[in-house]
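[1] Just the structure for this:
(chains A, B, C and D)
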Number of protein chains: 2
Amino acid sequence: MTNIREIARLAGVSTATVSRVLNNHPYVNEEKRRKVLELIDRLDYVPNSSATSLKKGMTRIVGVVSSLYTASSTSFIQAFSLIAQRHGFNIMIFLTDQDPGKEKVALEMLRSKQLDALVCLHRANEWNFIESYAKYGPIVTWQRLVSDRIPSVFMDQYEGYRLGLEHLHARGFRRILNVYSSRGLNTPQRMRAYADFAAAHELGGSGHPDFHGKMSLEDGEELAHWWIDQSDPPDAIACSNDDVAAGLLTELRRRGVSVPGEVGILGFDNNNLARLLDLSTVHYPSDKQAENAFSILLDRLGQPAPQPHALAFELIARQST
Amino acid sequence: MTNIREIARLAGVSTATVSRVLNNHPYVNEEKRRKVLELIDRLDYVPNSSATSLKKGMTRIVGVVSSLYTASSTSFIQAFSLIAQRHGFNIMIFLTDQDPGKEKVALEMLRSKQLDALVCLHRANEWNFIESYAKYGPIVTWQRLVSDRIPSVFMDQYEGYRLGLEHLHARGFRRILNVYSSRGLNTPQRMRAYADFAAAHELGGSGHPDFHGKMSLEDGEELAHWWIDQSDPPDAIACSNDDVAAGLLTELRRRGVSVPGEVGILGFDNNNLARLLDLSTVHYPSDKQAENAFSILLDRLGQPAPQPHALAFELIARQST
DNA sequence: TTGTAAGCGTTATCAG
DNA sequence: CTGATAACGCTTACAA
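    Numbers count the residues shown, from 1 in each chain, chains lettered A, B, ... in the order given. Take a look at the predicted model:
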């Protein structure tokens, strides 16, 4: 394998000079530079990145930990990947599937310096376990977390959820069922938003206890069966995300229930599926959050980082309400 | 930073002995081994992976090049990731978005030995360009390709497509429109399958020219508008994949068209979306293909590899036909 | 069973 | 502007 020494020998210079050419250092004789460059080209030479990483103490790879590919995590990852590339970083994705062991693989790679930093979309281990890895490199999360070791690009969902609820109210829905997710700390904020909303409009509940821990298409489908079984069902359902709303909507329609005629459905996130199914939803700017996450990482790595974006929710009114 | 020399010094042994303990070599005095292990634990030592990679000439990372996350690529990647992990390999995903430059990033990482191998789900550059990188490490593809440099785990779709067409015929559809994708060499095989099918049943076409280059949800939606505009539309549409079928189905129903009453729709792949929307489709075993891809890579890396699976299509009859 | 020492391929310091 | 040379942290003959 052709290495830097080979190039140096053939060019009649030292490895130091070749390295200088490689790294665009000033003070290299123009003729030698050309000669070196020509040899690099001719011998199809490329620096061995393990050697460079070892020497520089940096791999320029950032790990992305996600439990699975949902529409919303995909959009985050897409944006994160883009901005990372623009700064000369590559990303390595870890699908944990909620398995703590798989998440640990990523954490261990940070520890062994195969990764410079980590962004954690969904965690599988306890926070204090993850925090114990923060000493090996910067970690940032998308979930809500108040920690000095692990910054978060999480957005307070109180405002977004309130926006959605007000929309349901404006469209005439009164007996609103809340379907919450469970992981992360979104739920308490959404519950607070609902409580304030209900108080402001002097509303009772839907007559049914709210749901918790629902986040998938399948959860939405089960919810549809539940709704059909009720003698006195809610007139609107505010879902934890677009996937749940999508499962709910399609299964209800499949069973002949009219949406929004018999029941209004609100999603959350504004992903592709929501667009496809004409779901009313709340736009959650995950791409901007991804860029913010990268900025934080870059900053903690001691590199010049762009200013973070200001973030805002937006209501997207479509056919399901 | 604590390194192997530090451990060796504290344990009163040489770095060679520590390395032997680390790599489970035999012939290490039990007491020394315990001592070393204890120090490793106490000092929270972990080998620097850049150093190991440099020395071993291997990173145990495999790159996965995909143009984007579709339901079917996700299922391939999921399965690939799983089997790779079981063999002590990690994967690095590259979303190219059809951008040749982004694909080149992955190829260059193979060249610079940051990656041991590459699996290419969708290519962005010309094949001969990609092939020129095969000398740097094994590359395998999911697309159809006949090349001695780049093996393929592609499945001949003739049989799968024929299966789908026979199903449409059995359900009474006669004027079938084919919607083909364009990339890769699936299309000629599917066209051949249709030609043979039509000849066997003495069928004419749908009265419309087939479509080409359709692969996304959006394409499906546009197709729905086209269908509605026809005075004499086809009675069934065989789609290039489940995404197109899903877009077509939802948009048609949104416009009040009855499926399968007025038109039958057949997908291809059998992904989650197909399940959700009750789409009839042809099951394409992408998980098994992923495992085969990994086996090939492992074998070319000179490691013992599992036997590849035999692969077969399966018709999944649901509500859309 | 163990240690010495020679790499792996770079980068960076320090003289010149 | 350039070249020796010492790291970076690990593995592995080779010798003992």
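[2] Could you show which parts of the stretch 51-200 of chain A are in contact with chain B?
    Contact residues, the stretch 51-200 of chain A versus chain B (C-beta under 8 Å from any C-beta of the partner chain): A:51, A:53-54, A:59, A:61, A:69, A:74, A:77-78, A:81, A:85, A:90-93, A:95, A:102, A:105, A:108-109, A:111-114. From N, CA and C alone the C-beta is placed, and that goes for glycine too.
[3] In helices only, show me these.
    A:51, A:53-54, A:74, A:77-78, A:81, A:85, A:102, A:105, A:108-109, A:111 (DSSP state H).
[4] of the residues of the stretch 51-200 of chain A next to chain B, list those near DNA strand C.
    With C-beta under 7 Å from any atom of the strand as the criterion, those include A:51, A:54 near DNA strand C.
[5] Need the buried ones from the residues of the stretch 51-200 of chain A next to chain B selected in ChimeraX.
    Command for ChimeraX that selects the buried part of these, burial taken from 16 or more other C-beta atoms under 10 Å in any protein chain shown:
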select /A:51,53,54,59,61,69,74,77,78,81,85,90,91,92,93,95,102,109,111,112,113,114
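[6] and which of the ones in helices among the residues of the stretch 51-200 of chain A next to chain B is nearest B:Leu249?
    Of all those, B:Leu249 sits closest to A:Thr74, with 21.8 Å by C-beta to C-beta.
[7] For DNA strand C, give me its nearest residue in the stretch 51-200 of chain A.
    Taking C-beta to the nearest atom of the strand, DNA strand C has its nearest neighbour within the stretch 51-200 of chain A at A:Ala51, 3.4 Å off.
[8] residue contacts, that residue?
    B:50, B:54 (C-beta atoms under 8 Å, 6 or more residues apart in numbering or on different chains).
[9] that older thread, the ones in helices among the residues of the stretch 51-200 of chain A next to chain B into TSV, with extra columns for distance to A:Tyr161?
    Below are those laid out as TSV (distance: C-beta to C-beta, whole Å):
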residue	distance to A:Tyr161
A:Ala51	51
A:Ser53	44
A:Leu54	48
A:Thr74	22
A:Ile77	24
A:Gln78	25
A:Ser81	29
A:Gln85	33
A:Lys102	31
A:Val105	34
A:Glu108	37
A:Met109	36
A:Arg111	37
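[10] Taking these, tell me the two that lie furthest apart.
    A:Ala51 and A:Thr74 (34.6 Å).
[11] Enumerate every residue touching A:Gln307.
    For A:Gln307, the contact set (C-beta under 8 Å, 6+ apart) comprises A:Ser295.
[12] how near is it to A:Arg86?
    15 Å (C-beta to C-beta, to the nearest Å).
[13] returning to that earlier point: least confident pick among the ones in helices among the residues of the stretch 51-200 of chain A next to chain B?
    Model confidence across those bottoms out at A:Thr74, which has 82.
[14] Dihedrals phi and psi, the residue of the stretch 201-321 of chain A found nearest DNA strand C?
    As assessed by C-beta to the nearest atom of the strand, DNA strand C sits closest to A:Gly302 within the stretch 201-321 of chain A, at 13.6 Å. Main-chain torsions, A:Gly302, degrees, to the nearest 10: phi 80, psi 20.
[15] What distance do you get for the most centrally placed residue in chain A to A:Asp243?
    In chain A, the centroid-proximal residue (C-alpha atoms, centre = their mean) is A:Phe76; its distance is 3.9 Å. From A:Phe76 over to A:Asp243 the distance is 14 Å, taken as C-beta to C-beta.
[16] residue ranges with poor pLDDT in the stretch 101-250 of chain A?
    Residues of the stretch 101-250 of chain A that meet the criterion pLDDT under 70 lie in A:183-185.
[17] let's see it at 80
    Across the stretch 101-250 of chain A, the ranges flagged by pLDDT under 80 are A:182-185.
[18] in it, which spans are strands?
    Ranges of strands within the stretch 101-250 of chain A are A:117-120, A:139-141, A:176-178, A:236-238, based on DSSP state E, counting those that start in this stretch.
[19] so what strands line up beside the last one?
    Strands flanking strand A:236-238 in the sheet, each with its direction: strand A:176-178 (parallel), strand A:264-266 (parallel) (DSSP bridges).
[20] how far out from the middle of the chain is the first one?
    How far strand A:176-178 lies from its chain's middle: 26 Å, per C-alpha atoms, centre = their mean, to the nearest Å.
[21] hmm, who's touching it?
    Taking C-beta under 8 Å, 6+ apart as the rule, strand A:176-178 contacts A:165, A:168, A:190-191, A:194, A:203, A:205-206, A:208, A:210-211, A:234-238.
[22] same check, this time on the last one
    Outside of strand A:264-266, the residues within contact range by C-beta under 8 Å, 6+ apart are A:164, A:167-168, A:171, A:173, A:235-239, A:245, A:248-249, A:252, A:259, A:279-282, A:320-321.
[23] Just the buried residues out of those, in ChimeraX syntax.
    In ChimeraX, a selection of the buried entries from those looks like this (16+ other C-beta under 10 Å):
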select /A:164,167,168,173,235,236,237,238,239,245,248,249,252,259,279,280,281,282,320,321
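[24] So which of the contacts of strand A:264-266 belong to helices?
    Among the contacts of strand A:264-266, the members that lie in helices (by DSSP H) are A:164, A:167-168, A:245, A:248-249, A:252.
[25] these two touch, right, A:Leu311 and A:Ala290?
    No - between A:Leu311 and A:Ala290 there is no contact under C-beta atoms under 8 Å: 11.2 Å.
[26] If you count surrounding residues, which of those two has more?
    A:Ala290 (25 against 15; other C-beta atoms under 10 Å in any protein chain shown).
[27] Who are the contact partners of the more buried one?
    Shown in contact with A:Ala290 (C-beta under 8 Å, 6+ apart): A:76-80, A:83, A:153.
[28] how does it look with 7 Å?
    A:Ala290 sits next to A:76, A:79-80, A:83 when contact means C-beta atoms under 7 Å, 6 or more residues apart in numbering or on different chains.
[29] Of those residues - the most surrounded one?
    Within the contacts of A:Ala290, most neighbours by other C-beta under 10 Å means A:Phe80, with 27 neighbours.
[30] From DNA strand D, how far off is that one?
    As judged by C-beta to the nearest atom of the strand, to the nearest Å, A:Phe80 and DNA strand D stand 29 Å apart.
[31] A:Ala199 - how many residues pack around it?
    9.
[32] residues making contact with stretch A:142-156?
    Contacts of stretch A:142-156 (C-beta under 7 Å, 6+ apart): A:76, A:121-123, A:127, A:130-131, A:134, A:139-141, A:184-186, A:189, A:289, A:292-293, A:296, A:311.
[33] Pull out the buried members of those.
    Here, 16+ other C-beta under 10 Å leaves A:76, A:121-123, A:130-131, A:134, A:139-141, A:184, A:186, A:189, A:289, A:292-293, A:296 buried among the contacts of stretch A:142-156.
[34] I'd guessed A:Gly137 sits against A:Leu110; true?
    Yes - if you go by C-beta atoms under 7 Å, A:Gly137 and A:Leu110 touch, sitting 4.8 Å apart.
[35] list residues touching both of those two?
    A:Leu118.
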